[in-house]
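Novice: Need a 3D model of the following:
(chains A and B)
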Amino acid sequence: MAEAPKVFIAGATSAIAQATARLYARRGARFFLVARDPLKLEAVASDLTGRGAAQVASAVADLDDLARHPGLVEEGFAALGGIDVALIAHGTLPDQASCQAEFASTHAALVNNFLGAASLAAGIINASAMTF
Amino acid sequence: MSAADFLSWGRYPRVAPRSVVAPSWRHEPLPAGASLLPRGCGRSYGDSCLNADGTLIHTAHLDRMVAFDRERGIVRCEAGMTLAQLLEVVVPAGWFPPVLPGTRFVSIGGAIANDVHGKNHHVAGSFGCHVRRFELARSDGTRVECSPDSNAELFAATIGGLGLTGLVTWAEIALAPIVSPVLDVETLAFEGVGEFLALSRDSAQRFEYTVAWIDATAGGGKVGRGLFMRANPAAQPGELDAGRAHPRISIPFDFPAFALSRPAIAAFNAFHYGWTRRGAARTHFVPFFFPLDAVGQWNRVYGRRGFLQHQSVVPMADASRTLEAMLREIAASGEASFLSVLKVFGDRESPGMLSFPRPGATLALDFPHRGATTLALLDRLDAIVTGAGGAIYPAKDARMSPETFARSFPRAVEFERHVDPAFSSSFWRRVRGRG
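Specialist: Numbering: from 1, shown residues only, chains lettered A, B, ... in the order given. Here you go, the predicted model:
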């Protein structure tokens, strides 16, 4: 593991992502952050910079839009010069009752919590493989 | 949520808020409602951090850095960040908060709201002296950036303003450079208040940090005996670490009442006076600045009834007589103070309308709350203090009268104009006579 890792975070404004990112920031990590809300993203980015991150780049995106994933991965690689750590932290806690009642809710939950994660993970791994 | 979750440090009075809101982002609007009070770490001893039947805005999640200029030592951070968290970030970078109170587990917002002071007041003044600017969120939806040059009145009202002017979302602090995390400390014994004042005078120029512990259980010929500590940062550079993050041990339950009897406390004080080593020593800044932080929840030593803190400042002009009068009153009362701290404040002006630190000698006492007798003693101490032209510190107070508050803070009426109409606290309602 590099001393100053290059960290890609999807869902960078989640509580877990913020806490994890802080640990990396202390080691002078470089970040590419993706989240939906620009104000929250800005707050997280400044926090990490203040805590010692060597670089913080970011993109505003709704990660339910799977079509945007390849572009985001490419942007992350370009900004950091590679990716050492990927943290996929976006997601929601679906409502069980509504998921049982209508498939549209279930579908949305699966896109958000599974397909999105799979898509990003596959994209990052494939992009990493290409650099070897 | 139970009442016990949001008590104050002295755990008296035992009142509960109606609701607690904990915003995650500083740009969120304030909750609606008519009685709001920001809540940081709840380390105020009395009711200034309580809002019975009202709403507390708990700032624990507002702990982000906003900007840190590592060249100039200027840090901007959200007001829920604690001094402990701030130290962890800035010390390794060679910077140090110029003023630190006796615990690092306080929020930046709390440090501003109480305009806290430390062992170096005679050099550095109060915390508010090093606050460059902050953003205040008001209940009308506005956000006001305040500094000595911009919205200056609101700036002066908010420093020491006990959270009553609105919610501080972020603050910018000027830090001081640090090359070593250790200090060189000298400890000397003194036999009376006169000797303490002389030691303070002699030490003020040569030592950046001075404080005394005094045995308030000693009576008769031993009145005013204590230990004087004076320190300077070590000159040689050392590895800059912020010390352990968390207390090693914690008090898991309330101590029983017999542990707090007068004979027990007197014995503890006598032991401390007899056994503490005099002379020179070198220490990391954490145990020097924050001796009680080593034990988590040490306030539980005072049992379920909690304790009452009394901190006052009296003008230098008659300090010797006033302090001796207070110590004699305590010794005669049968109430015993565990930890009594004495310090001389310097002349550096505090920027807040309700700032407590001012030139004079400050005495901090704590008493297990035994009921009417304890309250009566503190009323007698208030009379001595205000009679001498002094003041009582709101951050420590659970029971001063509206008259004592008005005499302590001549700018209270001026301050009141800046109180946000939707903000209030149990303390404020009490000292303004609104019950």
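
Novice: From chain B, how far off is A:Ile83?
Specialist: 24 Å (CB to the nearest CB, to the nearest Å). C-beta coordinates here come from the backbone N, C-alpha and C atoms, glycine included.

Novice: Run through the residues that contact B:Gly390.
Specialist: Listed by CB atoms under 8 Å, 6 or more residues apart in numbering or on different chains, the contact partners of B:Gly390 are B:312-315, B:322, B:360, B:408.

Novice: Among those, which are located in strands?
Specialist: B:312-314, B:360 (DSSP state E).

Novice: what are the phi and psi angles of B:Phe345?
Specialist: phi -80, psi 150 (degrees, to the nearest 10).

Novice: Please name the nearest non-neighbouring residue to it.
Specialist: Ranked by CB to CB, 6 or more residues apart in numbering or on different chains and with sequence neighbours excluded, the top spatial neighbour of B:Phe345 is B:His121, at 5.0 Å.

Novice: What pLDDT does the model give the one you found?
Specialist: Note on B:His121: pLDDT of 97.

Novice: show me what contacts it?
Specialist: B:99, B:343, B:345-346, B:348, B:357.

Novice: Please report phi then psi for B:Val75.
Specialist: Here B:Val75 shows phi and psi, under degrees, to the nearest 10, equal to phi -120, psi 140.

Novice: Could you report the pLDDT at it?
Specialist: pLDDT at B:Val75 comes out at 98.

Novice: now swap in B:Gly194 and tell me
Specialist: pLDDT, B:Gly194: 94.

Novice: Please, which helix or strand holds it?
Specialist: Assessed by DSSP states H and E, B:Gly194 sits inside helix B:193-203.

Novice: what's the following helix or strand after that helix?
Specialist: strand B:209-214.

Novice: now that next one, how far from the chain's geometric center?
Specialist: 15 Å (CA atoms, centre = their mean, to the nearest Å).

Novice: wait, doesn't B:His272 sit right on B:Trp213?
Specialist: Yes - using CB atoms under 8 Å, B:His272 is in contact with B:Trp213, at 7.3 Å.

Novice: Which neighbouring elements make contact with the helix holding B:Gly194?
Specialist: If you count contacts as 3 or more CB pairs under 8 Å, 6 or more residues apart in numbering or on different chains; DSSP states H and E, helix B:193-203 packs onto strand B:182-190, strand B:209-214, strand B:226-233, helix B:319-333, strand B:340-345.

Novice: Quick one: work out the angle between the longest one and helix B:193-203.
Specialist: Spelled out, that is helix B:319-333. Per axes from the mean of the first three to the mean of the last three CA atoms, to 10 degrees, the angle that helix B:319-333 makes with helix B:193-203 is 140 degrees.

Novice: ok, back up a step: export the ones in strands among the contacts of B:Gly390 to JSON lines and tack on neighbour count and pLDDT?
Specialist: Putting these into JSON lines (neighbours: other CB atoms under 10 Å in any protein chain shown; pLDDT from 0 to 100) gives the following:
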{"residue": "B:Ser312", "neighbour count": "30", "pLDDT": "98"}
{"residue": "B:Val313", "neighbour count": "27", "pLDDT": "98"}
{"residue": "B:Val314", "neighbour count": "25", "pLDDT": "98"}
{"residue": "B:Gly360", "neighbour count": "23", "pLDDT": "98"}
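
Novice: Of the residues you listed, just say which sits nearest to A:Pro5.
Specialist: B:Val313 (51.3 Å; CB to CB).

Novice: Just flag the most distant two among the contacts of B:Gly390.
Specialist: Largest pairwise distance in the contacts of B:Gly390, by CB to CB, is 14.3 Å, between B:Thr322 and B:Ser408.

Novice: Against chain B, how distant is A:Gly71?
Specialist: For A:Gly71 relative to chain B (CB to the nearest CB), the value is 27 Å.

Novice: what's near enough to touch that residue?
Specialist: Contacts of A:Gly71 (CB under 8 Å, 6+ apart): none.

Novice: Next, it: phi, psi?
Specialist: Dihedral angles for A:Gly71 - degrees, to the nearest 10 - are phi -60, psi -40.

Novice: and if you look at the one 5 residues further on?
Specialist: For A:Gly76, the backbone dihedrals are phi -60, psi -50 (criterion: degrees, to the nearest 10).

Novice: And the pLDDT for it?
Specialist: So, for A:Gly76, pLDDT stands at 97.

Novice: what residues are up against it?
Specialist: A:8, A:32, A:34, A:57, A:59, A:83, A:124.

Novice: So for the closest residue to B:Ala388 other than its chain neighbours, what's the pLDDT?
Specialist: Nearest non-adjacent residue to B:Ala388, counting by CB to CB, 6+ apart: B:Thr322, 4.4 Å away. Note on B:Thr322: pLDDT of 97.

Novice: just the one 3 residues further on next, same as before
Specialist: As predicted, B:Ala325 sits at a pLDDT of 95.

Novice: Name all residues that make contact with the residue lying closest to it once chain neighbours are set aside.
Specialist: Leaving aside its sequence neighbours, B:Ala325 sits nearest to B:Ile384 (CB to CB, 6+ apart; 5.3 Å). For B:Ile384, the contacting residues are B:322, B:325-326, B:329, by CB under 8 Å, 6+ apart.

Novice: distance of B:Ile384 from chain A?
Specialist: From B:Ile384 to chain A the distance is 47 Å (CB to the nearest CB).

Novice: Figure out the helix or strand that that residue lives in.
Specialist: Counting by DSSP H and E, B:Ile384 is found in helix B:372-387.

Novice: Flag every residue of chain A that's near chain B.
Specialist: Proximity of chain A to chain B (CB under 8 Å from any CB of the partner chain) is limited to residues A:15, A:39-40, A:43-44, A:46-47, A:49-52.

Novice: wait, which of these is closest to B:Ala234?
Specialist: A:Gly52 (25.3 Å).

Novice: returning to that earlier point: of the ones in strands among the contacts of B:Gly390, closest to B:Asp69?
Specialist: Of the ones in strands among the contacts of B:Gly390, the one sitting nearest to B:Asp69 (CB to CB) turns out to be B:Val313, at 34.2 Å.

Novice: With adjacent residues omitted, what lies nearest to residue 115?
Specialist: Using chain A. A:Leu115's closest residue in space is A:Leu66 (CB to CB, 6+ apart), at 6.4 Å.

Novice: wrong one, chain B
Specialist: Nearest non-adjacent residue to B:Asp115 (CB to CB, 6+ apart): B:Gly160, at 3.7 Å.

Novice: Check what pLDDT that neighbour gets.
Specialist: pLDDT, B:Gly160: 98.

Novice: which ones are touching it?
Specialist: B:113-115, B:128, B:350, B:352-356.

Novice: cool, and B:Ala156?
Specialist: So B:Ala156 contacts B:351-353 (CB under 8 Å, 6+ apart).

Novice: before we move on, what about B:Asp397?
Specialist: So B:Asp397 contacts B:45-48, B:309-311, B:427 (CB under 8 Å, 6+ apart).

Novice: Keep only those of the residues you listed that are in helices.
Specialist: Under the assignment DSSP state H, the contacts of B:Asp397 contribute B:Phe427 to helices.

Novice: Nearest to chain A among the contacts of B:Asp397?
Specialist: Chain A lies nearest to B:Ser48 out of the contacts of B:Asp397, by CB to the nearest CB, at 28.7 Å.

Novice: nearest spatial neighbour of the closest one, skipping sequence neighbours?
Specialist: B:Ser48's closest residue in space is B:Phe427 (CB to CB, 6+ apart), at 4.0 Å.

Novice: Perfect, that will be all.
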